[in-house]
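[1] my questions concern the predicted model and sequence given below.
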There are 4 protein chains.
Amino acid sequence: MPDFSERPRRPDDHPGHRPLPAGCFRVQRPIRFSHSDPAGIVYFPVYFDMFNGVVEDWFTQGLDIDYASMILDRRLGLPIVHAECDFTIPSRMGDTLTLGVLIERLGRSSLKLRINGEVNGQVRLSGGLTVVTTSLDDFASIPIPDDIRHAMERYKAGCEV
Amino acid sequence: MPDFSERPRRPDDHPGHRPLPAGCFRVQRPIRFSHSDPAGIVYFPVYFDMFNGVVEDWFTQGLDIDYASMILDRRLGLPIVHAECDFTIPSRMGDTLTLGVLIERLGRSSLKLRINGEVNGQVRLSGGLTVVTTSLDDFASIPIPDDIRHAMERYKAGCEV
Amino acid sequence: MPDFSERPRRPDDHPGHRPLPAGCFRVQRPIRFSHSDPAGIVYFPVYFDMFNGVVEDWFTQGLDIDYASMILDRRLGLPIVHAECDFTIPSRMGDTLTLGVLIERLGRSSLKLRINGEVNGQVRLSGGLTVVTTSLDDFASIPIPDDIRHAMERYKAGCEV
Amino acid sequence: MPDFSERPRRPDDHPGHRPLPAGCFRVQRPIRFSHSDPAGIVYFPVYFDMFNGVVEDWFTQGLDIDYASMILDRRLGLPIVHAECDFTIPSRMGDTLTLGVLIERLGRSSLKLRINGEVNGQVRLSGGLTVVTTSLDDFASIPIPDDIRHAMERYKAGCEV
């Protein structure tokens, strides 16, 4: 499996590129025919779409805050203000990607998440998403509501042990 | 139109967030129903998909190097090893986004592009893509071929005037 | 270029598979890297996504009814209740697809469109979409508003000449 | 939940619109933010993309024929020559869609599948896909290989009991 990095990276060069701690929330995603480009590897925007789904599952299953009702009933949105990803090793149809979530920064009304993707314990990609908690009524940023902040603080503590 | 930045940014904080020079290659993209999420704004992975299309058009129309034949006939691939984007101001159905390309770094076998998106001259987003020129036969990185390098050097000189 | 039909089709077997009349609204779409699957041909759901964009452009440019303001301001939706497509000949990156729109049936509150895709005059695919005019406030079907109906009747008459 | 049909359908009008037999292969798919359009309902091409994933899972898990290795190692492709879907009742973020597979016709080198989508036992959509077994080396149709045909015959018999 090729490594697209121009030069070898030591794992400690870039902390996000190390395997996620054991306590972190993880989901598995099969790499599908539809994810693959004519070169047979995952088309990179697919990973960002997967990240959004991982965040949904993390809220609902990892934080116990129902994502759909947060959006639809509480009218709380999480627009992405910054997204980034290093794609270190490509993945192909038939691989199963394990995606895990780490809180890098918990601000007053924003949140920086790291999402790593691994296949059989090998880090394939490492992404970051910065989201701002926002009212869907007027699109103004609002402080992270207390129940969500507490759930995130508990998650952060449990994940990093 | 809301600004999702947490605090005002001065244009000189971040050079990528300034309007692109007049000589740069630009394409226009209508923001469609299909690009929009339930909050009515563009779903962020769509922008990364647009960036890939912009790079295709830039090769074919801006550099005069046919992208499809580069991939299919020359078997030269351009896998993305890093992608990032700041989404400063959201866009909505009915907007027309102008996307322009700037070469930030031209390496031996890699290339860093900046792609800015503007609506009516207002910078809405600023993305970066790092690609590695790669043989599609063995997925090894190869030096940027001379004809492509020369076209890029000409573009870079003309764009920044 | 392969023909996936199991047996030869005569053009008069299926009227939708004939080239569209000269008067019909047409748009061109480049077939991109991102549209292609690992076999190098367009992934079929991409065509349905293109159809939605073609309908948008047909409203705005072909009927002179701004699609975005129809959805956002008039709160008139066009949910698809039936979609179908015959994919006769696959298309590949580098092809330019011409997509044209024909009104097959104009009902009281529904509309059946045919959308054909051609490359260099060769019919590659022929799709059908049935849409229902719907209030986006309560999702009830409503009669096609008069201005839209008249624009469609004019289009139908002009297209089929 | 609105019903977009123009008039009530009796379940026996259209056999594909009845719930699938108990023995059929089923997968569950959460309806996500990313699947939803600005009207809050699933954007219809998403269902066709889901269908492709369901067929993958049906091969690998329901027929015990590894889909990825069928494509990549055996070089056997399954291009779609016809796709269709009735979208009877829209679905929204937070719904869990159960998608099941029925073989409608097993030909010499083609296959017609029905894929129904249900939420809590209510049929929301009913799609059909016609695929042709094809060599990925020359894109010629080939007879369905015996092991795959036998697995499909067993499935068909078990599903319809």
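    Cool, got the structure. In this text, all values refer to a predicted model and were calculated from it rather than measured experimentally.

[2] got the residue ranges for the helices in chain A?
    Assigned by DSSP state H, chain A shows helices spanning A:45-57, A:67-72, A:146-160.

[3] how about the CA coordinates for the shortest one, as CSV?
    Just to be clear, that refers to helix A:67-72. Extracted C-alpha coordinates of helix A:67-72, given in CSV (Å, rounded to 0.1, in the frame of the first residue of the first chain):
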residue,chain,number,x,y,z
TYR,A,67,-28.2,14.8,16.9
ALA,A,68,-31.4,14.9,14.8
SER,A,69,-33.4,16.4,17.6
MET,A,70,-30.6,18.8,18.4
ILE,A,71,-30.9,20.2,14.8
LEU,A,72,-34.6,19.8,14.3
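
[4] list the buried ones in that helix?
    The neighbour-count check on helix A:67-72 (16 or more other Cβ atoms under 10 Å in any protein chain shown) flags A:67, A:68, A:70, A:71, A:72 as buried. In short, each C-beta sits where N, CA and C put it, glycine included.

[5] in terms of secondary structure, what does it contact?
    On a contact count with 3 or more Cβ pairs under 8 Å, 6 or more residues apart in numbering or on different chains; DSSP states H and E, helix A:67-72 meets helix A:45-57.

[6] what comes up buried for the helix it packs on?
    Under 16+ other Cβ under 10 Å, the buried positions of helix A:45-57 are A:45-57.

[7] and residue A:69, what is it in contact with?
    When contacts are counted by Cβ atoms under 8 Å, 6 or more residues apart in numbering or on different chains, residue A:69 touches residue D:94.

[8] ok, back up a step: with mean pLDDT as added columns, please give the helices of chain A in CSV.
    CSV is the format used below for the helices of chain A (pLDDT from 0 to 100):
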stretch, mean pLDDT
helix A:45-57, 98
helix A:67-72, 94
helix A:146-160, 94
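
[9] redo these as a markdown table? Include distance to residue A:111.
    Formatted as a markdown table, the helices of chain A follow (distance: least, Cβ to Cβ, whole Å):
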| stretch | distance to residue A:111 |
| --- | --- |
| helix A:45-57 | 10 |
| helix A:67-72 | 13 |
| helix A:146-160 | 7 |
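
[10] right, so of the ones you listed, which gets closest to residue D:18?
    Closest approach to residue D:18 among the helices of chain A (Cβ to Cβ): helix A:67-72, 28.4 Å.

[11] what residues does chain A have near chain D?
    Contact residues, chain A versus chain D (Cβ under 8 Å from any Cβ of the partner chain): A:30, A:32-34, A:40, A:49, A:52-53, A:56-57, A:66-69, A:71-72, A:92-94.

[12] low pLDDT regions in chain A?
    Low-confidence segments of chain A (pLDDT under 70): A:1-16, A:161.

[13] any idea how many residues pack against residue A:108?
    Using other Cβ atoms under 10 Å in any protein chain shown, residue A:108 has 12 neighbouring residues.

[14] mind checking how far the nearest residue to it once chain neighbours are set aside is from residue A:133?
    Excluding its sequence neighbours, the residue lying closest to residue A:108 (Cβ to Cβ, 6 or more residues apart in numbering or on different chains) is residue A:143, at 5.4 Å. To residue A:133, residue A:143 is 7 Å away according to Cβ to Cβ, to the nearest Å.

[15] residue contacts, residue A:96?
    Counting by Cβ under 8 Å, 6+ apart, residue A:96 touches A:28, A:29, A:30, A:31, A:119.

[16] surely the last one and residue A:94 touch.
    No - contact between residue A:119 and residue A:94 fails when scored by Cβ atoms under 8 Å: they sit 10.1 Å apart.

[17] residues touching residue A:122, list them.
    The contact partners of residue A:122, taken as Cβ under 8 Å, 6+ apart, are residue A:89.

[18] ugh, wrong one, I meant residue A:131
    Neighbour list for residue A:131: A:55, A:78, A:79, A:80, A:81, A:110, A:111, A:113 [criterion: Cβ under 8 Å, 6+ apart].

[19] can we see that at 6 Å?
    By Cβ atoms under 6 Å, 6 or more residues apart in numbering or on different chains, the contact list for residue A:131 reads A:78, A:80, A:111.

[20] now, the residues you listed that are in strands?
    With strands taken from DSSP state E, the overlap with the contacts of residue A:131 comprises A:80, A:111.

[21] now that we have the contacts of residue A:131, which of them are buried?
    Using 16+ other Cβ under 10 Å, the buried ones in the contacts of residue A:131 are A:78, A:80, A:111.

[22] which one of the residues you listed is nearest to chain D?
    Using Cβ to the nearest Cβ, residue A:78 is the member of the buried ones among the contacts of residue A:131 that lies nearest chain D, at 9.1 Å.

[23] ramachandran angles for that closest one?
    For residue A:78, the backbone dihedrals (degrees, to the nearest 10) come out as phi -130, psi 60.
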